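1. Could you work out the structure for the sequence below:
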Amino acid sequence: MKIDQNMNLTNKNKEKCKRGHKFTKENTRILKNGWRVCKECKKLHDKKFWSKPKNKIKRKKYLKEWRLNNLDKSRNNAIRAYNRVREIIEKAKNKPCIDCNIKYPHYVMDFDHIKGNKLINVGRTRSTLKTLKEIKKCEVVCSNCHRIRTWKNKKRKRISNVSN
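-> Sure, this is the predicted structure:
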């Protein structure tokens, strides 16, 4: 990358950004004009900037236009995200059933939500973070044991509703 010698690159010799983050290879992005940008500071700026309501609308419009102009990239990104989530789910299901202790293939295993509120069905999002959060609330059981657990829970709820 060529840098114009006449440009005033005042941050060229600095070791840290204005917030004190070190300019390392992993934490530094070099712009076309040769200016160094701290990735941590950029994340903070973007989070603050895009959280404002008027900027959320701009971002939504920009992303929609980008998807329309870059259909192949958009589809490839969606497929990669889907595959990442599928891989996480398959690894999480690659263990024996907690109830019967029999190891089945991943497609026979279910996630039984036992902790906290169920926000989404595991696998219904492309977000790896949301998927991991939901998996933490679950126990992995085989389909048969999951049906038995669900039936017992529903029966218990019916009995408690009748007694009230």
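2. going forward, measure contacts and count neighbours with C-alpha atoms only.
-> Fine.
3. Return the distance of residue 95 relative to residue 102.
-> Distance check for residue 95 against residue 102: by C-alpha to C-alpha, to the nearest Å, it reads 9 Å.
4. Those two: who's more crowded?
-> Neighbours around residue 95 and residue 102, counted as other C-alpha atoms under 10 Å, are more numerous at residue 95. The numbers are 18 against 11.
5. Which stretches in the protein count as strands?
-> 28-30, 36-38, 109-113, 138-142 (DSSP state E).
6. Dump the ones you listed to JSON lines, plus mean neighbour count, distance to residue 157 and mean pLDDT.
-> As requested, the strands of the chain are arranged in JSON lines below (neighbours: other C-alpha atoms under 10 Å; distance: least, C-alpha to C-alpha, whole Å; pLDDT from 0 to 100):
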{"stretch": "strand 28-30", "mean neighbour count": "16", "distance to residue 157": "56", "mean pLDDT": "83"}
{"stretch": "strand 36-38", "mean neighbour count": "19", "distance to residue 157": "54", "mean pLDDT": "85"}
{"stretch": "strand 109-113", "mean neighbour count": "21", "distance to residue 157": "16", "mean pLDDT": "93"}
{"stretch": "strand 138-142", "mean neighbour count": "22", "distance to residue 157": "20", "mean pLDDT": "95"}
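7. what's the neighbour count on residue 127?
-> Counted with other C-alpha under 10 Å, residues neighbouring residue 127 total 13.
8. Brilliant, that's me finished.
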